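Student: just coords:
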C-alpha cells in the first residue's frame with residue numbers, strides 16, 4: 001500500500017477531480033460516509049451514545065459536517081461545533097455545512113477563547129468525540145482556540161475518533177505540533193499518511209483504518225507516491241515454496257564476519273538467524289582465540305578462525321583471509337560484535353573495498369564506515385546498511401535527534417548519497433532504496449528493543465541475499481518477517497521477557513503464518529494497518 005505526504009494527497013485529490021471528473025463534494029461525501037460506516041463497526045451501540053463532532057473551517061471540517069448528517073439521520077444524538085465563523089468556511093466544506101443548515105441541524109460557532117473553554121468544559125457530557133478540526137494541512141504549532149479545544153478533548157476522558165489524522169500532528173514526518181489529539185481510532189482517507197506510521201505521532205493514532213473514498217485505482221497506485229507499507233500478501237508472495245529437486249548449495253552460503261572478546265554472541269545470532277531464514281550454509285569467521293568457544297556453541301553454523309592483532313581482536317591481516325573465504329560464498333554479513341580497534345578498522349575497510357558479493361554491513365561495520373563513508377560508493381555491489389539511529393548519526397556526522405526528527409528523509413538521503421539500501425531500525429523500521437523508494441515496516445513491537453535483535457535481522461537479510469534476492473527485496477522481506485516473529489512471541493508470551501533468540505525460534509511460525517495468507521490483496525475497504533492480524537492465533541501458529 002502506498003503512503004502519502006500531505007502534498008501528494010492533495011495532488012491525488014486534484015487528479016481525481018480534474019482528470020476523472022469526480023466532484024470534490026462527492027469525495028467529501030464519501031469520506032464522511034465511510035467514517036460513519038467504521039463508527040458503526042467499532043461502536044455498535046452508537047444510538048445510545050451522545051456524540052460531539054468538532055469541526056474546523058477546512059476540508060477536515062467538511063468531512064465532519066457529512067458525518068454529522070449521517071449520524072443525525074440514523075437517530076444518533078449529536079452536537080456539532082465549528083472552531084471559527086461560518087463565513088470562513090469555503091468550497092466543498094461550505095456545501096455540506098449549508099446542507100446541515102437546511103436540515104435544521106444546529107452548528108455552534110466557537111469564535112473566542114471563552115466560548116472554546118465553555119464548550120471544552122462540557123465535553124465530559126458526551127460519550128464519543130469526533131475530531132474533524134485540522135486535518136493534514138497543519139505545518140505549525142497548534143494555537144488559539146484549537147489548542148483550547150484539543151486540550152479539552154484529551155481531558156474529557158472520552159474516546160476520540162480522528163478523521164483522516166489526529167489534529168496537531170504532522171502528516172509528513174510524524175512530529176507533534178504542540179497540543180495534539182490522542183485518538184482511540186483514526187479513519188484515514190484513500191491512503192495512509194506518512195505521519196500516521198511514524199513516531200512519536202503513531203503512538204496517538206490508536207487503531208488505524210484506511211477507507212476508500214472513490215479514488216480510481218490508477219490514482220491510488222499513482223507512481224508519484226514513492227513510499228509504501230509492505231502488506232502480508234506481498235511478503236508471502238516473495239517467499240515461494242521450495243522446489244523438490246534442490247540441495248543446500250541451492251540456497252546460498254553466507255559468510256558472517258564478527259565477534260570480539262565479550263561480543264561473540266552477536267555473530268552467533270546472525271549466523272543462526274541466517275540458517276533459520278533459509279540459507280543453505282553459514283560460516284562464522286571470528287578472531288582466532290574465540291573460535292574454539294564458537295565451535296562448542298554452534299552446531300549447524302560452521303566456524304573459521306581469523307588472524308588477530310591481539311587476543312580476541314581482529315587484525316588487519318585478516319582481510320586477506322576474509323577475501324579468500326568469500327570465494328564461493330554468495331553473501332557477506334560483516335560487523336556484528338566485531339569492535340572498532342584500529343587494526344580491525346583497517347581490516348574491514350580493505351574488505352569493503354574488495355568484496356564482490358552482496359553485503360550486509362551492520363553494527364561496528366557501520367561505525368568503521370563512519371571514518372570514511374566514501375568507501376560505500378566505491379564498493380563493487382551496493383550494500384545493505386542496517387544502522388540504528390545512533391549509528392546512522394555517526395555515519396552522517398549529525399545527532400540522533402536529527403535522525404529521529406525526519407527518519408524517512410534522512411534514510412532516503414543516505415541511500416541516494418551512498419548508493420546503498422538503508423534499513424533504519426526502530427519503530428517503525430524504514431527501508432530506503434537509492435532509486436528513491438521508501439518503505440515503512442508495520443510489524444514489530446517494543447519487546448524487540450533488546451540486545452541482539454539487530455544481529456538477528458542482519459543475518460536474515462544476509463540469508464536472502466545469499467538466496468539471490470535483490471538487496472531491497474531482501475531487506476523488506478527480512479524486516480517484515482523479523483517484526484512478525486517478534487509479534488508472534490509477544491502475542492504468546494508478552495513483550496517484557498522477549499530476547500533475540502526468541503525471534504530465531506519464532507521464524508518457522510512466522511513463515512507458517514505467512515503461508516496461510518491468501519495470494520490476493522486484502523479487502524480494499526477494510527484494512528487495519530496497525531493491528532496484528534497474523535498474530536491473532538499465535539498460540540495455534542506456535
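Tutor: Structure's in. What do you need? Just so it is clear, the structure is predicted and the values come from calculations on it, not from any experiment.
Student: after the lowest-mean-pLDDT helix or strand in the chain, heading C-terminal, what element do we hit next?
Tutor: Taking mean pLDDT, DSSP states H and E as the measure, the chain has strand 527-528 as its least confident helix or strand, at a mean of 52. In the C-terminal direction, the helix or strand that comes right after strand 527-528 (DSSP states H and E) is helix 538-541.
Student: pLDDT on that following helix, on average?
Tutor: Per-residue pLDDT values across helix 538-541 average out to 74.
Student: stretch 226-237 now?
Tutor: Summarised as a single mean, pLDDT over stretch 226-237 is 94.
Student: pull the number of nearby residues for residue 100.
Tutor: By the other CB atoms under 10 Å criterion, the neighbourhood of residue 100 contains 20 residues. The way it works is simple: take the backbone N, C-alpha and C, and place the C-beta from them, glycine included.
Student: ok, now residue 374?
Tutor: Going by other CB under 10 Å, the residues that sit close to residue 374 add up to 8.
Student: what's the spacing between it and residue 143?
Tutor: For residue 374, the distance to residue 143 (CB to CB, to the nearest Å) stands at 45 Å.
Student: before we move on, what about residue 538?
Tutor: Counting by CB to CB, the gap from residue 538 to residue 143 is 45 Å.
Student: what does residue 164 give?
Tutor: Here residue 164 is placed at a distance of 20 Å from residue 143 (CB to CB).
Student: looking at the two, which is more packed in?
Tutor: residue 164 (27 against 11).
Student: that one touches residue 134, doesn't it?
Tutor: No - between residue 164 and residue 134 no contact is recorded; they are 9.4 Å apart, counting by CB atoms under 8 Å.
Student: between these two, which contacts overlap?
Tutor: Contact with both residue 164 and residue 134 is made by residues residue 60, according to CB atoms under 8 Å, 6 or more residues apart in numbering.
Student: three-state assignment of the residue lying closest to residue 90 once chain neighbours are set aside?
Tutor: The spatially closest residue to residue 90, leaving aside those adjacent along the chain, is residue 57, at 7.8 Å (CB to CB, 6 or more residues apart in numbering). For residue 57, the reduced secondary structure class is coil; criterion used: DSSP: H, G, I helix; E, B strand; the rest coil.
Student: list the residues that contact residue 503.
Tutor: When contacts are counted by CB under 8 Å, 6+ apart, residue 503 is found next to 273, 448, 453, 456, 482, 485, 486, 489.
Student: how about a cut-off of 7 Å?
Tutor: Contacts here follow CB atoms under 7 Å, 6 or more residues apart in numbering; on that basis residue 503 touches 453, 456, 482, 485, 486, 489.
Student: which of the helices or strands spans it?
Tutor: Under the criterion of DSSP H and E, residue 503 resides in helix 500-515.
Student: report the buried residues of that helix.
Tutor: 500, 501, 502, 503, 504, 506, 507, 509, 510, 511, 513, 514 (16 or more other CB atoms under 10 Å).
Student: need the pLDDT of the fourth one.
Tutor: With respect to pLDDT, residue 503 has a value of 98.
Student: and it, how far is that from residue 452?
Tutor: Using CB to CB, we find residue 503 at a distance of 9 Å from residue 452.
Student: then residue 233?
Tutor: In this structure, residue 233 and residue 452 are separated by 30 Å, where distance is defined by CB to CB.
Student: which of the two has more neighbours?
Tutor: Neighbour comparison, residue 233 and residue 452: the larger count goes to residue 452, with 21 against 15 (by other CB under 10 Å).
Student: so who does the more buried one touch?
Tutor: When contacts are counted by CB under 7 Å, 6+ apart, residue 452 is found next to 265, 266, 269, 500.
Student: in what helix or strand does the nearest residue to residue 263 once chain neighbours are set aside lie?
Tutor: Nearest residue to residue 263, sequence neighbours excluded (CB to CB, 6+ apart): residue 337, at 3.3 Å. Following DSSP H and E, there is no helix or strand that holds residue 337.
Student: dump the residue contacts of residue 337.
Tutor: Residues in contact with residue 337, defined by CB under 7 Å, 6+ apart, are 258, 259, 260, 263, 264, 265, 266, 267, 363.
Student: what do you get if the cut-off is 6 Å, keeping everything else the same?
Tutor: Residues in contact with residue 337, defined by CB atoms under 6 Å, 6 or more residues apart in numbering, are 258, 259, 260, 263, 266, 267.
Student: what do you get for residue 354?
Tutor: Under the criterion of CB under 6 Å, 6+ apart, the contact list for residue 354 reads residue 323.
Student: buried residues, stretch 33-50. List them.
Tutor: For stretch 33-50, the neighbour count (16+ other CB under 10 Å) marks 33, 34, 35, 36, 37, 38, 39, 42, 43, 46, 49 as buried.
Student: and residue 172, what does it touch?
Tutor: The contact partners of residue 172, by CB under 6 Å, 6+ apart, come to 5, 6, 194, 195.
Student: just the closest of those residues to residue 444, please.
Tutor: Here the nearest of the contacts of residue 172 to residue 444, counting by CB to CB, is residue 194; it sits at 17.4 Å.
Student: before we move on, back to that, for the contacts of residue 337, give me TSV that also has secondary structure and distance to residue 307.
Tutor: Putting the contacts of residue 337 into TSV (DSSP: H, G, I helix; E, B strand; the rest coil; distance: CB to CB, whole Å) gives the following:
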residue	secondary structure	distance to residue 307
258	coil	15
259	coil	13
260	coil	14
263	coil	18
266	helix	20
267	helix	16
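Student: need the contacts of residue 452 in a markdown table (columns: pLDDT and distance to residue 151).
Tutor: Converted to a markdown table, the contacts of residue 452 look like this (pLDDT from 0 to 100; distance: CB to CB, whole Å):
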| residue | pLDDT | distance to residue 151 |
| --- | --- | --- |
| 265 | 97 | 48 |
| 266 | 98 | 46 |
| 269 | 98 | 46 |
| 500 | 98 | 41 |
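Student: now the helix holding residue 503, how far from the centre of its chain.
Tutor: Shown here is helix 500-515, whose average C-alpha point lies 19 Å from the average C-alpha point of the whole chain (CA atoms, centre = their mean, to the nearest Å).
Student: also stretch 8-22?
Tutor: Here the centre of mass of C-alpha atoms in stretch 8-22, compared against the chain's by CA atoms, centre = their mean, lies 26 Å away.
Student: show the pLDDT at residue 141.
Tutor: You'll see residue 141 listed with a pLDDT of 95.
Student: residue 176 is in contact with that one, correct?
Tutor: No - proximity of residue 141 to residue 176 does not meet the contact threshold set by CB atoms under 6 Å, at 9.3 Å.
Student: coming back round to it: closest to residue 494 out of the contacts of residue 337?
Tutor: residue 266 (24.7 Å).
Student: check contacts around the closest one.
Tutor: Counting by CB under 6 Å, 6+ apart, residue 266 has contacts 258, 336, 337, 455.
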